[in-house]
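[1] got a predicted structure here, sequence first:
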Amino acid sequence: MAQNAIHVTSEIGTLERLLIHSPDGGIGKIVPSKFQEWLYDDTVFLSNMRREYNEYIKLLLYFLDPDKIGYIRSFEKRQDKQKQPDCYKPDHPDYFNSDKVLDTEHVLAKVLEQDAIRSKLISAVCAWEGCSFKTERKLDAIENPHELAKVLISGVLYNPDKKQRQLAFQPLPNFIFTRDIGIVLHDHLLLSNAASPARERESMLMKFISFYHLFEKKQEKIIEISESSSFFLLNEEERRDFKTSVEGGDVMMIAPGHMLIGISERTTASAVNEIIHSIFKTPAVGIEKITVIKIPKHRAQMHIDTVFTQVRKDTWVLFGKFSEMLNQYKNSTRYSYYHDLDDSEAKQTFELVEIRRYKKSTEETYDAGKNYEINISHKVTGLESLLRNISIEDFNIPESDVRIIYSGNNIFPYDEREQWTDSCNLLALKDGVVVGYDRNKETEKGFIQNGYDIITASELFDRFEKKEASPETINNTLILLPSAELSRARGGAHCMSMPLSRKDVRVER
Ligand SMILES: NC(=[NH2+])NCCC[C@H](N)C(=O)O
């Protein structure tokens, strides 16, 4: 893998490089009156959340950058158990500093080393947050880019008069869910446009990170969507419906050439429409087929990745209540996404649409007319059959070998309880090896019944150290992270990861 590799063609190819963000001080400032606005359902005990998150980082390092493990362990041994070890703090000189497991804060600090960009970003954040000039000057005065990055993310600034850390502007408590800020599609990046003000600064920071660092030398590979000009003439209520918002939890680069995208509480039909057009217009992205999945708008299922994720070429984990909800395939070749994927409150049904890029369309001919077609596979009658069909068609798995594991083993009330705590939101480290939370006990039974092993991250570290197992030899396993605090933020390992590079999956033909 090249050092700056950007390459994702599936959800399950061996993970090589990703973007994460460790829980920062802003999370420790959440108050109950802000829950709804800031997209939390509870307060969290930050130091315990960090301990849980550190296990996640360590697991990622074992698989992606094992040379760093000795370094991490030496800190863990030396340091006070109650404190966050310095090696895990992205702003600390002793930070583990991997080029495979990248923290947004650390990457942002690199962006801030360039003076011109630094002033641009400070102004952008201050304008967005409505800060006073006094605050802007204080930010300007922070010389250390690592310290500045931390403040721009957490909103927490040191007040020397009061000798206290105080909020200078709102924190970004959801920035740990890096999945949502952008999506790598083959070697391109689709930038998110967050649905709610609580997450809009995340989209802005990601813009700077991608244009001035990750894609600095290939900016043409960044896909940005924006509002249509008529949007600006809509009243506030209409704007809510027609905003082109998209969050990464609704987009999956599911198989080479095939992208899934959800219309949900967070991603609007207008955005999906716009994305389909920009992607098909740009043959270099290499996406030939887009499947659109519309799910009801619910807080409990805010993105499609809260309802299903892929485990192995032939295995999926799915919230059973959504398995075969009736869908209506659109059967027209003259298709206007905008009108048919109606996003209004009145139309809260489940829908599936498959759209293929018209074979002969090129960038030049695209605007001239026929450039996409609706291609319906009759085997697909709902979400579960869609997933089965992806295993069969995209990964060449015999129909009888496809397995669906259900949230809570499909038994009420465990299905709903465990979906809420992210039983369906797993991150694949490689084909068949996934990371999830340790609290979804009924879902685990489904894994065992389907021949998977279950092991906690800390047990696995012991086995790695004793050389009883290695990331290369481990197969068909669900690895459990401690989750008492993490799950309160309402996202799982899938949400807490933005893959930048995965190996291609081998498909036997
Ligand atoms: N891809 C995901 N499912 N992300 C989960 C995001 C959770 C976060 N609290 C929010 O509501 O925005």
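    Great, that's in hand.
[2] can you pull the residues of the chain lying near the ligand?
    Within the chain, the residues that sit near the ligand (Cβ under 6 Å from any ligand atom) are 39-40, 174, 177, 179-180, 249, 302-303, 305-306, 425, 489-491, 495. Every residue, glycine included, has its C-beta placed from N, CA and C.
[3] burial of His258, as a residue count?
    20 (other Cβ atoms under 10 Å).
[4] residue contacts, it?
    Contact analysis of His258 by Cβ atoms under 8 Å, 6 or more residues apart in numbering lists Ile287, Glu288, Lys289, Ile290, Thr291, Ile390, Asp394.
[5] and the residue in the stretch 201-350 of the chain that the ligand sits nearest to, which of the three is it?
    Residue nearest to the ligand within the stretch 201-350 of the chain: Gly249 (2.3 Å; Cβ to the nearest ligand atom). Here Gly249 is recorded as helix under DSSP: H, G, I helix; E, B strand; the rest coil.
[6] looking at this protein, which helix or strand is least sure?
    None of the helices or strands of the chain scores lower by mean pLDDT, DSSP states H and E than helix 337-340, at a mean of 42.
[7] which SSE is immediately downstream of that one?
    Sequence order places strand 351-357 as the next helix or strand after helix 337-340, per DSSP states H and E.
[8] now that next one - C-alpha only, PDB.
    In PDB, the C-alpha atoms belonging to strand 351-357 read as follows (Å, rounded to 0.1, in the frame of the first residue of the first chain):
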ATOM      1  CA  GLU A 351     -38.400   2.100  -1.200                       C
ATOM      2  CA  LEU A 352     -35.700   0.600  -3.300                       C
ATOM      3  CA  VAL A 353     -34.500   1.800  -6.700                       C
ATOM      4  CA  GLU A 354     -31.600   0.500  -8.800                       C
ATOM      5  CA  ILE A 355     -30.100   2.800 -11.300                       C
ATOM      6  CA  ARG A 356     -27.400   2.000 -13.800                       C
ATOM      7  CA  ARG A 357     -25.100   4.300 -15.600                       C
END
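[9] and that strand, what does it pack against?
    strand 289-294, helix 337-340, strand 372-374 (3 or more Cβ pairs under 8 Å, 6 or more residues apart in numbering; DSSP states H and E).
[10] run a quick neighbour tally on Asn159.
    11.
[11] same thing with Phe45?
    The burial count for Phe45: 15, using other Cβ under 10 Å.
[12] follow-up on the earlier one: surely the residue of the stretch 201-350 of the chain closest to the ligand meets Phe177?
    Yes: here Gly249 lies in contact with Phe177, judged by Cβ atoms under 8 Å, at a distance of 7.4 Å.
[13] looking at these two, which is more packed in?
    Phe177 (27 against 24).
[14] quick one: secondary structure of the residue nearest in space to the middle of the chain?
    Taking Cα atoms, centre = their mean as the criterion, Arg179 is the residue nearest the geometric centre of the chain, at 1.4 Å. What three-state DSSP gives for Arg179 is helix.
[15] does it touch Gly492 like I think?
    No: the criterion here is Cβ under 8 Å, and Arg179 misses it with Gly492 at 9.6 Å.
[16] any common contacting residues for the two?
    With Cβ under 8 Å, 6+ apart, Arg179 and Gly492 have no common neighbours.
[17] look up how far Lys445 lies from Leu68.
    Small correction: residue 68 is Lys, not Leu. Plainly put, Lys68 is 35 Å away from Lys445 if you go by Cβ to Cβ, to the nearest Å.
[18] which one of these two is surrounded by more residues?
    More crowded of Lys68 and Lys445, by other Cβ under 10 Å: Lys68, with 20 against 16.
[19] quick check, the more buried one in a helix?
    Yes: assigned with three-state DSSP, Lys68 falls within a helix.
[20] residue contacts, it?
    Leu61, Phe96, Ser98, Val101.
[21] quick one: pLDDT of it?
    Per-residue confidence (pLDDT) for Lys68: 98.
[22] host element of His277?
    Short version, using DSSP H and E: His277 is in helix 269-281.
[23] gap between whichever strand or helix holds Asp462 and the chain center?
    Element membership of Asp462 [criterion: DSSP H and E] is helix 457-465. From the chain centre to the centre of helix 457-465 is a distance of 26 Å (Cα atoms, centre = their mean, to the nearest Å).
[24] check stretch 276-295 too.
    18 Å.
[25] now swap in stretch 413-425 and tell me
    18 Å.
[26] report pLDDT for the spatially closest residue to Lys313 that is not a sequence neighbour.
    Spatial nearest neighbour of Lys313, excluding adjacent residues (Cβ to Cβ, 6 or more residues apart in numbering): Phe395 at 4.1 Å. At Phe395, the pLDDT value in this model is 98.
[27] go ahead and confirm Phe395 touches Val507.
    Yes: contact status for Phe395 versus Val507: in contact at 5.5 Å, counting by Cβ under 8 Å.
[28] these two - which one has more neighbours?
    Legend: neighbour count by other Cβ under 10 Å for Phe395 and Val507, higher for Phe395 (21 against 13).
[29] report the contact partners of that one.
    Ala255, Lys313, Asp314, Val505, Val507.
[30] for the closest residue to the third one other than its chain neighbours, phi and psi?
    Once flanking residues are discounted, Asp314 sits nearest to Ile397: 4.4 Å by Cβ to Cβ, 6+ apart. Dihedral angles of Ile397 (phi, psi; degrees, to the nearest 10) stand at phi -90, psi 130.
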